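# sequence and predicted model, in that order:
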Amino acid sequence: MRRPPRRSPKLICSINMAAFLSIQLALLFIMMPPSPHAFRHIDVNLAQVEHPVPMRWALRDDATVVAIKRDGRVYVGHDEAKPDYLSAIIRKSLGRGGEQKVYINADRRTRYKDVREAVAAVRSAGVEDIGFLVTDAKRY
């Protein structure tokens, strides 16, 4: 009986470049920091409540979000808005389509007067459906 030929003791010294590059690409996306343009809303410290209602529509690209910072500055999307022109900007934003609801993203330390003025501007724009964005107090 004849024995099968033995493999040669030659080492394989090459790398599969397709597998190597796919792993490198995956690591690049994992380690890459998020760009500041990926975040849609102005950063504020939201009020904490016991039983919040999820408002997933506020994360949509066509949602109208009015952010009110602690110092009273008002933003629609990423653009700062003067209080006098806020209702016109909201009307223009709602005219682009999407949900006829405005989400208010107010800092928890914002003065009530600033929030009241923003809500009055939203109502004068003809919007009756207003949602306030908050966080869950149980998570903290």
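Here it is on my side, so go on. Residues are numbered from 1 along each chain as shown.
# now the helix ranked longest in the chain: how far from the chain's centre is it?
Ranked by number of residues, the top helix in the chain under DSSP state H is helix 17-31. The chain centre lies 27 Å from the centre of helix 17-31; the measure is CA atoms, centre = their mean, to the nearest Å.
# so which bits of that helix are buried?
For helix 17-31, a neighbour-count test (16 or more other CB atoms under 10 Å) marks nothing as buried. All C-beta atoms are positioned from the backbone trio N, CA, C, and that covers glycine.
# just checking, next helix/strand downstream of that helix?
With elements assigned by DSSP states H and E, the helix or strand that comes after helix 17-31 is strand 48-49.
# do you have the helices of the protein handy? List them.
17-31, 86-95, 112-124.
# mind giving me the packing neighbours of the worst-scoring helix or strand of the chain on mean pLDDT?
Within the chain, no helix or strand scores below strand 135-136, which has a mean of 86 by mean pLDDT, DSSP states H and E. When contacts are defined as 3 or more CB pairs under 8 Å, 6 or more residues apart in numbering; DSSP states H and E, strand 135-136 packs onto strand 48-49.
# what about the strand it packs on, average pLDDT?
The pLDDT scores in strand 48-49 average 88.
# repeat that for stretch 66-80.
Summarised as a single mean, pLDDT over stretch 66-80 is 90.
# first-to-last residue distance for that stretch?
End-to-end distance of stretch 66-80: 10 Å, with CA to CA, to the nearest Å as the criterion.
# low pLDDT regions in this structure?
Residue ranges of the chain with pLDDT under 70: 1, 34-41, 140.
# distance from the least confident helix or strand of the chain to the middle of the chain?
16 Å.
# who's in contact with that strand?
Residues from elsewhere that reach strand 135-136 (CB atoms under 8 Å, 6 or more residues apart in numbering): 46-49, 52.
# now those residues in CSV, with neighbour count and distance to L94?
CSV is the format used below for the contacts of strand 135-136 (neighbours: other CB atoms under 10 Å; distance: CB to CB, whole Å):
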residue, neighbour count, distance to L94
L46, 16, 23
A47, 16, 25
Q48, 14, 29
V49, 13, 26
P52, 17, 24
